[in-house]
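In: Sequence plus predicted model, see below.
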Amino acid sequence: MSVSERDILAAMSKVMDPELHIDLVKAGMVKDVRVDGDKAKLKIELTTPACPMKGKIQADAEAALKQVPGLKTFDIEWGAQVRSAPQAGAQAILPQVKNVILVGAGKGGVGKSTVSVNLAAALAREGAKVGLLDADFYGPSVPLMTGITEKPVSPDGKTLLPLEKHGLKVMSIGFLVEADQALIWRGPMLHGALMQLVRDVRWGELDYLVLDLPPGTGDVALSLSQSVKASGAVLVTTPQDVALADVVRAKQMFDKVHIPVLGIVENMSQFVCPHCSKATPIFNRGGGHKAAQMFSIPFLGEIPLELKIREAGDAGVPVVLSAPESAEAQAFVAMARNIAGRVSTENMRVAVKLPVIR
Ligand SMILES: Nc1ncnc2c1ncn2[C@@H]1O[C@H](COP(=O)(O)OP(=O)(O)OP(=O)(O)O)[C@@H](O)[C@H]1O
């Protein structure tokens, strides 16, 4: 029995992307199908190199090809092509950036910058082109957390080159102004300075720009979020019940400007004693889950309270790079994959008018 390219496509159209809820052919992921007698070659292009469902898609695709009558061997080349947010492109303020991911929190000190830096580093480690923009003028921590001490240069007096470290393109308000100076600026001045950071930096082509927002739900966070036409926002919280009120405010802020909330990350979830391995929920447990349930938005992961995370931050090498095999690094990687998956789902939902599935 001879096999045709149509048979291969028919088999692939039975494989569903478990997150996007459409089949691989409809999602445009199946490329370059070639059949030669009883052998087939094809390429499957995932929507992100950090795909949280790659293992399942791979198993399902192989199982489907094994069912094709007459097909003896097959060779799947795996790749990834990050899709742009529908609002990205020539008209946008960042025309070469496919997706802006906002990282926000209802209040300061919950680990927003730690999450931003590790998210960016984890996505880059998976193979994506990633930028990190620190707009947190209250306490720009990205220079310290990435170990960058140089100042950005402007080759033409108008635009700035981002600094490059850990496979990331990095820019921070902290590179340009003293913290006490930014703090006395009023709203419009701050917004202007931050927009300059967005617009006048030569980011080049990026799959993801992770934007560490100023904490809270003030006007600057709101107007910046609105201006960059983000793919979505990640809310960082600690597990206490008192943090819930801040999450509510942050969620309302993003709803107001129609930015999808990609989900909630619970930071400082519990402390695992390095001596006896006993887990202690210092800041209580479950607040992030509770908030996610309350709003029917995804829970993107929990990050333990762990000395190594703080030490890695202070040493300028994110823990996902300094100790990639550690449980805390794995927690960040799982979170980053969930976020990349949610960005893909949001983009696909708009592109093919999928129903909202939470
Ligand atoms: N999971 C964690 N385990 C241990 N230390 C952590 C963890 N998350 C954050 N920290 C530490 O807590 C401090 C505050 O974190 P970070 O600067 O990321 O918070 P933030 O929400 O961005 O704060 P701000 O809004 O004030 O800028 C840092 O010293 C950081 O290293």
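Out: Alright, I've got the coordinates.

In: Mind jotting down where the helices sit in the stretch 251-358 of the chain?
Out: 287-295, 307-315, 319-322, 327-351 (DSSP state H, counting those that start in this stretch).

In: Of all those helices, which one is nearest the ligand?
Out: Nearest to the ligand among the helices of the stretch 251-358 of the chain is helix 307-315 (3.6 Å), distances taken as CB to the nearest ligand atom. Just so you know, the C-beta spots here come from the backbone N, C-alpha and C atoms, and that holds for glycine as well.

In: Show me the contact partners of that closest one.
Out: 113-114, 117, 141, 144-145, 147, 274, 303, 318-319, 322-323, 326, 328 (CB atoms under 8 Å, 6 or more residues apart in numbering).

In: roughly how far out does that helix sit from the chain middle?
Out: Put simply, helix 307-315 sits 21 Å off its chain's centre (CA atoms, centre = their mean, to the nearest Å).

In: Reformat the helices of the stretch 251-358 of the chain as JSON lines; add mean neighbour count and mean pLDDT.
Out: Output for the helices of the stretch 251-358 of the chain, formatted as JSON lines (neighbours: other CB atoms under 10 Å; pLDDT from 0 to 100):
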{"stretch": "helix 287-295", "mean neighbour count": "19", "mean pLDDT": "77"}
{"stretch": "helix 307-315", "mean neighbour count": "17", "mean pLDDT": "93"}
{"stretch": "helix 319-322", "mean neighbour count": "22", "mean pLDDT": "97"}
{"stretch": "helix 327-351", "mean neighbour count": "22", "mean pLDDT": "92"}
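
In: So for Glu77, which of these sits nearest?
Out: Closest approach to Glu77 among the helices of the stretch 251-358 of the chain is made by helix 327-351 (19.6 Å; CB to CB).

In: Show me what the strand or helix carrying Ala59 packs onto, helices and strands only.
Out: In the assignment (DSSP states H and E), Ala59 maps to helix 54-66. The contact analysis (3 or more CB pairs under 8 Å, 6 or more residues apart in numbering; DSSP states H and E) places helix 54-66 against helix 5-12, strand 39-46, strand 73-80.

In: circling back to that earlier point, for my notes, please list the helices of the stretch 251-358 of the chain in a markdown table and give distance to the ligand for each entry.
Out: Output for these, formatted as a markdown table (distance: least, CB to the nearest ligand atom, whole Å):
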| stretch | distance to the ligand |
| --- | --- |
| helix 287-295 | 12 |
| helix 307-315 | 4 |
| helix 319-322 | 9 |
| helix 327-351 | 7 |
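
In: Among the ones you listed, which comes closest to Lys31?
Out: So among these, helix 327-351 is nearest, using CB to CB, at 16.6 Å.

In: Give me the helices and strands touching the closest one, please.
Out: Applying 3+ CB pairs under 8 Å, 6+ apart, one finds that helix 327-351 contacts strand 97-104, helix 112-125, strand 232-237, strand 261-272, strand 299-305, helix 319-322.

In: Least confident of those, on average?
Out: Among the helices and strands packed on helix 327-351, strand 261-272 has the lowest mean pLDDT, at a mean of 86.

In: Who does it pair with, and is each partner parallel or antiparallel?
Out: Using DSSP bridges, strand 261-272 pairs in its sheet with strand 232-237 (parallel), strand 279-280 (antiparallel), strand 299-305 (parallel).

In: distance between stretch 45-56 and the chain's centre?
Out: Using CA atoms, centre = their mean, the distance from the centre of stretch 45-56 to the centre of the chain it belongs to is 13 Å.
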